[in-house]
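Colleague: Okay, predicted coordinates and the sequence, questions at the end:
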Amino acid sequence: MLLGFIGVIVGIVVASRGSAQAVTGAFVSKGGQFVELAKADERFAYTLSQAGVRS
């Protein structure tokens, strides 16, 4: 029983660390059409610049 409990705890820790992290510092407009990031990832900003989108 103790081994099962430890397995559950380890599983929860692994699942929580393996999930995608939330974007902190992001603001969504009221309509949900725009997302404003405090600091965009360099690759994302580069892709936007190549597409001709103003960031």
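Modeller: The structure has been received and is ready for your questions.

Colleague: Confirm Ala45 sits in a helix?
Modeller: Yes: using DSSP: H, G, I helix; E, B strand; the rest coil, the assignment for Ala45 is a helix.

Colleague: so where is the protein shaky, pLDDT-wise?
Modeller: Scanning the chain for pLDDT under 70 picks out the ranges 18-24, 54-55.

Colleague: Please enumerate the strands of it.
Modeller: Shown for the chain, the strands assigned by DSSP state E span residues 26-28, 35-37.

Colleague: Would you mind telling me which of those is nearest Gln50?
Modeller: Among the strands of the chain, the nearest to Gln50 by Cβ to Cβ is strand 35-37 (17.7 Å). The way it works is simple: take the backbone N, C-alpha and C, and place the C-beta from them, glycine included.

Colleague: Can you name every helix or strand that that closest one contacts?
Modeller: strand 26-28 (3 or more Cβ pairs under 8 Å, 6 or more residues apart in numbering; DSSP states H and E).

Colleague: helices or strands up against the strand it packs on?
Modeller: Strand 26-28 is packed against strand 35-37, with contacts defined by 3+ Cβ pairs under 8 Å, 6+ apart.

Colleague: who's in contact with the strand it packs on?
Modeller: Val23, Gly25, Ala26, Phe27, Val28, Ser29 (Cβ atoms under 8 Å, 6 or more residues apart in numbering).

Colleague: Ok, stretch 40-55 next?
Modeller: Contacts for stretch 40-55 (Cβ under 8 Å, 6+ apart): none.

Colleague: Check the gap between Asp41 and Thr47 for me.
Modeller: The spacing between Asp41 and Thr47, counted by Cβ to Cβ, to the nearest Å, is 9 Å.

Colleague: neighbour count winner among the two?
Modeller: It is Thr47, of Asp41 and Thr47, that has more neighbours when counted by other Cβ atoms under 10 Å, with 13 against 10.

Colleague: Check the spacing between that one and Gly4 real quick.
Modeller: Applying Cβ to Cβ to Thr47 and Gly4 gives a distance of 46 Å.
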